[in-house]
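Chemist: Give me coordinates for this.
(6 chains)
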6 protein chains.
Amino acid sequence: MEFTHFNQQGRARMVDVSEKEDTQRVAVARGSVYMKKETFVKVKEGRVEKGDVLAVAQVAGIMAGKKTSSLIPMCHPLMLTGLDLSFKFDDENHKIDVEARVKTTGKTGVEMEALTAVSVACLTIYDMCKANDKEMVISDIHLYRKTGGKSGDFVRREGLPWQK
Amino acid sequence: MEFTHFNQQGRARMVDVSEKEDTQRVAVARGSVYMKKETFVKVKEGRVEKGDVLAVAQVAGIMAGKKTSSLIPMCHPLMLTGLDLSFKFDDENHKIDVEARVKTTGKTGVEMEALTAVSVACLTIYDMCKANDKEMVISDIHLYRKTGGKSGDFVRREGLPWQK
Amino acid sequence: MEFTHFNQQGRARMVDVSEKEDTQRVAVARGSVYMKKETFVKVKEGRVEKGDVLAVAQVAGIMAGKKTSSLIPMCHPLMLTGLDLSFKFDDENHKIDVEARVKTTGKTGVEMEALTAVSVACLTIYDMCKANDKEMVISDIHLYRKTGGKSGDFVRREGLPWQK
Amino acid sequence: MEFTHFNQQGRARMVDVSEKEDTQRVAVARGSVYMKKETFVKVKEGRVEKGDVLAVAQVAGIMAGKKTSSLIPMCHPLMLTGLDLSFKFDDENHKIDVEARVKTTGKTGVEMEALTAVSVACLTIYDMCKANDKEMVISDIHLYRKTGGKSGDFVRREGLPWQK
Amino acid sequence: MEFTHFNQQGRARMVDVSEKEDTQRVAVARGSVYMKKETFVKVKEGRVEKGDVLAVAQVAGIMAGKKTSSLIPMCHPLMLTGLDLSFKFDDENHKIDVEARVKTTGKTGVEMEALTAVSVACLTIYDMCKANDKEMVISDIHLYRKTGGKSGDFVRREGLPWQK
Amino acid sequence: MEFTHFNQQGRARMVDVSEKEDTQRVAVARGSVYMKKETFVKVKEGRVEKGDVLAVAQVAGIMAGKKTSSLIPMCHPLMLTGLDLSFKFDDENHKIDVEARVKTTGKTGVEMEALTAVSVACLTIYDMCKANDKEMVISDIHLYRKTGGKSGDFVRREGLPWQK
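Modeler: Predicted structure coming up:
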């Protein structure tokens, strides 16, 4: 196992991918915001009634996905060809699950774009609710699935760390 | 409990804080990256020997903290007066703990800046290691402490959701 | 009448406002997107039923307002303390009216922030509808009202150019 | 007529264009800034004599065209291969007409890039003159012509809304 | 002599300036672009006749000055209250001298903003001329003068390294 | 010799490269930061002992290289496929030499990306040391080598201006 991100001086570099082929790549990432029951209900109902927290999180996540290479230092710039987010209310655990699905045709994968979109969508949910609930936790952010590229397809099979 | 972030048309707005006073504010946020033992050891050793993953994560986190208001739609722009990150290797759980501490003198708090700095530092660790480990999980991102502002001081007392 | 934005070499500069006092400033700007009746009805109904074009335009406008000084070369950076947008459906003319209201405490006004927020909200409406209607026109973007600052308050009294 | 920008949850997404072919695309957009006669003359003369408002607007428009996908939430990032602006003084109506012409080779069109370049060039003209004239109006921003892409070529034939 | 930019873990941080007072601060930086005689003459004449390279460099330098804290990792965000550039043609050495003068009222100085504005103005001159001259050199970028702040005033007295 | 960057109105444009072919391109740029002996020794030793100035400069340079087209007004956006920096301590002259090597497959070269990466890495070194040394000079920034593209390969043969 080697770190590809380091040069001979032991410092970080943007890995040279110029010899890689352009292939179609998809990545799906997931994460969750855990909150008080009261907050959870408010967001869920508020969607219909008063204001849609998730509509703002959706836009924030998509815009952040496009900014990934300016946030993560060694990420290559990529031309995303599709980015969508979806949300699920988990009534049992009072958490909102966020999933981002990103596509590109390029020389590197879009895992970081999907993970960044999920992270910023979660942070936006936090921001919109934090006046009411300072105990929220953003958690479980992971790569769920990826296809395309030389390293092949990946589907997460293991549970999250505390489920083992 | 009301959402302060919505206007009369039920759409999001940047809350009017013009009547608030400038006070000194501090926020401390925390989060963790869980990884395989092999990856964990590599990062820990690599620091000395080959390349410092955390040095890159540190810079990424600080730069992201300064960009918070351009990532989180309803966040007010703020003049940060200090931002530091620290890392801790948790040998038992094979996770790296990240803490960000942010200061400002202003009309709103810096919780989102601290949470954003932690999130992007975690994403950067993920990016630097993902060639070796696709099963990493970014988790437990929460506000640990804040001081300053009308809503007063806050110290997290509860454990994380799955610890209850 | 002098251009304050030019230096002695006849080139643009960011005007020196360091001697100005910090005062509270408000600016309100307005603009409209004219569209086909079919598009207009679709947006108006879509709001309830299928997807809210204006929720996206709202977020885009607010985020653009915060980016004004990085878009307009000679604009001073400012710490916005409030930014809200509202929309009105003009059934007679099949146009959507956009209004942005911006606040700050600072040395210069927020007219450009309000105008930029309106412009980008209009461009976003255009983008969301352009698959159906390429003949939309973004128009009538103007400063409606401002208060604060040495030059005093301003309320637009004249009509738009083609109404005279 | 369908909104392509909404997903099954009724929220906005970046449309999946991964199956589209890369073709050469051109878009031309236009817009105008209406101003007082005094301001108009000043800009026109100032160009030669004291300072060139339009040189600043030109640079601002080009830089904004490149930023389109970070301003308009659902816009795909694109590699522009050419961007030019031109200006025309309309002595009769005391307005400055702005035209942007954008080129790319890609999977989606560059209408939004052209419209954004025009909008920000107009906003910059406004900013440079606003100390003298608060009654300026930015108007008539529209797509004039586009070629390339599956939806085919488009040339605007209709007049502007108030000319009908 | 200590590096203030490092924390106890030996990694970089944004220095805590929250206890510092807001004072008025000015910084003046200088730099030069050396070029072939032919290129030099072309830029000098072109200014009048065909196109003003320096008008573009001016705008680029001012916009870059405002972006300093997003380019230089440990720089504090600052509210610039004035930024101007000027240029001088050095006929003897075929170089263009660039000077940036930046002002703020804040807790830290604006040296980096002035140096960044100069650097990007020089890079822009390079870009505009590089089709004709690949041997240009950007050089001699230094702080010329600063006032304000606890460390007091500074005027550069020494010559440049190769002049000693 | 013509300026390709100006349109018929004598104003700057982004040159139309749509007819150019995508070829693999490499550019190598170099520059130096001259400093007091005391500062030089501190950086060199500090690397091992207390904090690595160059690790921060490395990240800053790479991130700036990716931002080139948003800094240099007429630069085309490009998809970088590799970017690395290296540093050399010149004990004789008390300067740190910086080299950036950039790759892309595209229609225009990456000279500006390499020069921008070097410039911002130098500015970052300056920033990290400026509390101790205000007399540092950033100098000798030039294109060292490029390959690919219609204008062919280039290797700098001449010395720097003051070495002639």
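Chemist: From the chain's centroid, how far away is the lowest-mean-pLDDT helix or strand in chain A?
Modeler: Averaged element by element with mean pLDDT, DSSP states H and E, chain A has its least confident helix or strand at helix A:37-49 (a mean of 83). Here the centre of helix A:37-49 is set off from its chain's centre by 23 Å, with Cα atoms, centre = their mean, to the nearest Å.
Chemist: what about the next helix or strand after it and chain D, touching?
Modeler: On the C-terminal side of helix A:37-49, the nearest following helix or strand under DSSP states H and E is helix A:53-66. Yes. Residues of helix A:53-66 contacting chain D under Cβ under 8 Å from any Cβ of the partner chain: A:54-55, A:58-59, A:62-63, A:66. C-betas here are computed from N, CA, C, even on glycine.
Chemist: and the closest residue to A:Met63 other than its chain neighbours, what does it touch?
Modeler: Closest residue in space to A:Met63, ignoring its immediate chain neighbours: D:Pro73 at 5.5 Å, by Cβ to Cβ, 6 or more residues apart in numbering or on different chains. For D:Pro73, the contact set (Cβ atoms under 8 Å, 6 or more residues apart in numbering or on different chains) comprises A:59, A:62-63, C:56, C:59-60, C:124, D:12.
Chemist: Chain A: helices as residue ranges?
Modeler: A:37-49, A:53-66, A:68-71, A:111-129 (DSSP state H).
Chemist: taking those together, which one is wrapped up most tightly?
Modeler: Mean neighbour count (mean count of other Cβ atoms under 10 Å in any protein chain shown) peaks for helix A:111-129 among the helices of chain A, with a mean of 28.
Chemist: Are that helix and chain B in contact anywhere?
Modeler: Yes. Using Cβ under 8 Å from any Cβ, helix A:111-129 reaches chain B at A:111-112, A:115-116, A:119-120, A:122-124, A:126-129.
Chemist: From D:Arg13, how far off is the residue of chain A found nearest chain D?
Modeler: At 3.4 Å from chain D, A:Gly82 is the closest residue in chain A, using Cβ to the nearest Cβ. Separation of A:Gly82 from D:Arg13 (Cβ to Cβ, to the nearest Å): 8 Å.
Chemist: Have a look at these two and say which one is more surrounded.
Modeler: Remark: of A:Gly82 and D:Arg13, D:Arg13 carries more neighbours, 22 against 19, as counted by other Cβ atoms under 10 Å in any protein chain shown.
Chemist: is it true that the more buried one touches A:Asp84?
Modeler: Yes. The criterion here is Cβ atoms under 8 Å, and D:Arg13 meets it with A:Asp84 at 3.9 Å.
Chemist: Please enumerate the shared neighbours of those two.
Modeler: In contact with both D:Arg13 and A:Asp84: A:62, D:7, using Cβ under 8 Å, 6+ apart.
Chemist: For A:Leu115, which non-adjacent residue is spatially closest?
Modeler: Counting by Cβ to Cβ, 6+ apart, the residue nearest A:Leu115 is A:Ala29, at 4.6 Å.
Chemist: How about the one you found: which residues does it bridge to?
Modeler: Beta bridges link A:Ala29 to A:Ala100, A:Leu143, judged by DSSP bridges.
Chemist: If you tally nearby residues, what's the number for it?
Modeler: Around A:Ala29 sit 28 other residues, with neighbours defined as other Cβ under 10 Å.
Chemist: just A:Lys20 next, same as before
Modeler: Other residues lying near A:Lys20 total 14 when counted by other Cβ under 10 Å.
Chemist: How about the contacts made by it?
Modeler: Contacts of A:Lys20 by Cβ under 8 Å, 6+ apart are A:107-108, A:150, F:81.
Chemist: Looking at those residues, spot the one nearest D:Glu92.
Modeler: F:Thr81 (52.1 Å; Cβ to Cβ).
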